[in-house]
Structures are given as C-alpha cells and as structure tokens.
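S.K.: got a predicted structure here, sequence first:
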Amino acid sequence: MSARRAEPFRGRKMLTRRMGSGEAWRDTKVGMWAWLLQRVAAIGLVAVIAAHLKNPFARPVQAALLALVLFHGLLGVRTILLDFGLPARWHRLLFLLALLVGVAAFAAFWRWRWY
Amino acid sequence: MVLKVFRWSPGSRERLQKYWVKARQGMTVLDALVELQRNSDATLAFRYACRVGMCGSCAMVVNGRERWACRTLLSNLARGPVTVRPLYQFPLIRDLVVDMAPIKNKMLEMKAVFVPGRRAMDGDGFAQIGSRTRERRAIDAAIECIGCGMCVSACTMVSHDPNFPGPAALNRVFTLQRDSRDGAHADRSQAVLAEDVLTRCHGQANCTAVCPMEISPTDSILALRRRAVLRLFGIGPR
C-alpha cells in the first residue's frame, strides 16, 4: 500500500482531545458509545470464550458469553446497516434498537433455558 | 459567569485563564470574548468575521464540544465555568486562533480539486447540472461545507492517525466523485484507496453531530466506501 505521507505540521503545537479528561467525555455522542461498547465487548469475548472452553457448564460464564455475543453482534449489525446505506442520522435509533433487542433476546434465551 | 479561556503564544506555556463576565440575556460566547478583549485583556486572540453564523471563522471548543462561538448562547451552556479552547487537531497560532491549512493540505493530498473532464463543456459553455436532477440531489447537502474545521476537530480518528484525511476532505472528494463534469475520478479513486483513508473511518459520526451546516460527512465517507468496494469487484462507477 501507499507509503505514509509526510506530516507537514509535525513539531507545531496543537491540541488533541485528551480522552483521560472529563471534558472530552462530557458531550460524547451516541456513535462513539456504540463504537466503544462494541470494542469492549470484543475484548471481553476473548476472555469469556477462553473461560467457557475451560468450563462450558459454568452458568455465570454462559450468561456473560450470551450477553457479550448479543451486544457485539447486534452492534455489528447496526454498523453493517449503516455501511449498506442507511442514513447516518438513524444511527442513534439503531444503537437504541441494538441495546433493546439485546436485552430482550438475553431475557428470552435465559428464560428458555434450552441447555 | 466564569470563562476559562485557553491562552498560549509561541514561546510561552499554555494555561487556562479565568475571566469574569456579567452574562446578559442573549449573550453569546463570542459576545463575551469581544467584551473581555475590549475591557479586560487586549492581548486575548480569537478569530471571527460574520458574527451571524455563516462564515465558520469563530469555530472553537466550548465545554468540550465544537461550536460556533457566535451561535452559542451562554444561557444554553451547563452551569459552572465555561471552558473555551481552540479547535483540536489544528496547529496553534495564538490563544484561540488556529492554522486552517491542514484542511487544504488534506484536500490536495486526496486530489479533491475539480479537474474539467470531457463533459465539462457543452455547446453553450460550462455544462450545468440542474438543481432538481438526481446527480445534484445526491450531493446537495454535502456541497454546503464552509471549511470551519469543526468536523476535523471532533473526529477521533484524525487524532489517532495524522495521515487520515479527515471528514472535510473526504466530504469534498465525495462531491467531486459524483460530479459528471469532473475528469479525475480515477485518480481520486486511487487516492482514497490508500491504507489510511476510507478504512480508517469508524463511523462514530462525531463529525456529523457537530457540523453547523448539518452536513453528514459520515454518509459521504460511507458512500465513497461503497463505491470503492464495488470497484474492487469491477462493478459500479468510480
């Protein structure tokens, strides 16, 4: 792929958003939360899948696995829908729907106790 | 009301300076800054031009969010001190004034410049695209960009990767790629397929959320990405 382009402003002072500061998060938008939650769920999944392989019958691990798979997957569906051309102004609604469907599906699966 | 204003000039240390302003009804952040400059501190530097929310010169970060100072009422901000900083991701010149050159540079890098193509002229001169045509409606909102830089400041990917062109430049690329009079679609397609360009956008829509012109650079970038994917499979326009 292409070589990294030269950065003509290197060395000049500029402010960047410090994510460690409260101010940077004061007005965080829905799209940012959706992105962050999906990534956090992905990292969580790696740990939970490892725990699940060790002991597939531990209920807390099963609950965590189900919750993380639902959230990560549904937030992924949201991204795919936006990628396929749904207007970006719908992204808040899609985020809310992903969370609501996730909670509802988790409750339904857990109540069903198919295992 | 307390304003904490970012102060910096070359050779000095940055700081947040506290000022007290008597907030009046209808007073904007820009009004407060002008008052401070006139009555308290003539050395305070900031930029503005039209004062009525058209030009975008007074874009700055107020209480952590990119806003037009001239359209931001003090009464609409949360209680407590109001923090005023310059836009993020732009080289500082002094205090609240930043160098807007990165937007132009990124546009040049992405070849976001009109190049007359074969369809640029018709019998009567420069070809026109009617305002009600499908082609025009596809880019109608996106051409309203005034280059204020708020989207670039709000984009987390610009801060993460200095090679990412940012929402403003990519929005401009989108308008040109959809212009049938332009003759550089192929070159631009190559430029946006570089590793730090379209794939870097994570669709957080921070740019769209802060745009004062209600443009959605996120939609423009996603549209470019769809076209790029189609091209990879050898179908669709450039």
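M.R.: Here it is on my side, so go on.
S.K.: C-alpha from now on. contacts and neighbour counts both.
M.R.: Fine.
S.K.: middle-most residue in chain A, spatially?
M.R.: Residue closest to the average C-alpha location in chain A (C-alpha atoms, centre = their mean): A:Gln38, at 0.9 Å.
S.K.: so B:Leu16, which state does it fall into?
M.R.: Judged by DSSP: H, G, I helix; E, B strand; the rest coil, the three-state class of B:Leu16 is strand.
S.K.: partners of it in the sheet?
M.R.: For B:Leu16, the beta-bridge assignment (DSSP bridges) gives partners B:Phe6.
S.K.: hmm, B:Leu44 and it touching each other?
M.R.: No. Under the criterion of C-alpha atoms under 8 Å, B:Leu16 makes no contact with B:Leu44, lying 11.9 Å away.
S.K.: so for those two, which sits in the more crowded spot?
M.R.: It is B:Leu44, of B:Leu16 and B:Leu44, that has more neighbours when counted by other C-alpha atoms under 10 Å in any protein chain shown, with 19 against 15.
S.K.: next, the contact list for the more buried one, please.
M.R.: The neighbours of B:Leu44, taking C-alpha atoms under 8 Å, 6 or more residues apart in numbering or on different chains as the test, are B:Arg7, B:Leu36, B:Gln37, B:Asp95.
S.K.: out of these, which sit inside strands?
M.R.: When the contacts of B:Leu44 are checked against strands using DSSP state E, the ones located there are B:Arg7.
S.K.: mind listing what residue 11 touches?
M.R.: You didn't pick a chain, so chain A it is. For A:Gly11, the set of contacting residues under the criterion of C-alpha under 8 Å, 6+ apart is empty.
S.K.: three-state assignment of it?
M.R.: Assigned with three-state DSSP, A:Gly11 falls in the coil class.
S.K.: that one and B:Ala101, how far apart?
M.R.: Counting by C-alpha to C-alpha, to the nearest Å, the gap from A:Gly11 to B:Ala101 is 15 Å.
S.K.: likewise A:Gly73?
M.R.: 40 Å.
S.K.: neighbour-wise, which of those two wins?
M.R.: Between A:Gly73 and B:Ala101, A:Gly73 has the larger neighbour count (other C-alpha under 10 Å), namely 17 against 13.
S.K.: quick one, helices of the chain?
M.R.: Using chain A. When assigned using DSSP state H, the helices of chain A occupy the ranges A:22-26, A:30-54, A:59-83, A:91-112.
S.K.: chain B, not that one
M.R.: Counting by DSSP H, chain B has these helices, from start to end: B:29-39, B:101-109, B:134-139, B:150-154, B:156-160, B:167-177, B:185-192, B:206-210, B:217-232.
S.K.: deepest of those, which one?
M.R.: For the helices of chain B, ranked by mean neighbour count under the definition mean count of other C-alpha atoms under 10 Å in any protein chain shown, the leader is helix B:150-154 at a mean of 28.
S.K.: and chain B, which residues reach chain A?
M.R.: With C-alpha under 8 Å from any C-alpha of the partner chain as the criterion, chain B comes near chain A at residues B:63-65, B:86-92, B:102, B:156, B:159, B:162-163, B:194-195, B:202-206, B:209, B:216, B:218-219, B:222-223, B:226.
S.K.: let me know the pLDDT of A:Glu7.
M.R.: pLDDT, A:Glu7: 66.
S.K.: hmm, I typed the wrong one, I wanted B:Phe46.
M.R.: On the pLDDT scale, B:Phe46 is placed at 98.
S.K.: just checking, it touches B:Leu96?
M.R.: Yes. In terms of C-alpha under 8 Å, B:Phe46 counts as a neighbour of B:Leu96; the distance is 4.9 Å.
S.K.: what mean pLDDT does stretch A:49-65 get?
M.R.: For stretch A:49-65, mean pLDDT is 92.
S.K.: how distant is it from the center of its chain?
M.R.: From the chain centre to the centre of stretch A:49-65 is a distance of 20 Å (C-alpha atoms, centre = their mean, to the nearest Å).
S.K.: how about it: buried residues?
M.R.: For stretch A:49-65, a neighbour-count test (16 or more other C-alpha atoms under 10 Å in any protein chain shown) marks A:Ile49, A:His52, A:Val61, A:Gln62, A:Ala64, A:Leu65 as buried.
S.K.: thought the fifth one was touching A:Val48?
M.R.: Yes. Counting by C-alpha under 8 Å, A:Ala64 sits close enough to A:Val48 to count as a contact (7.0 Å).
S.K.: residues touching stretch A:47-56, excluding its own?
M.R.: In this structure, residues lying in contact with stretch A:47-56 by C-alpha under 8 Å, 6+ apart are A:Ala58, A:Val61, A:Gln62, A:Ala64, A:Leu65.
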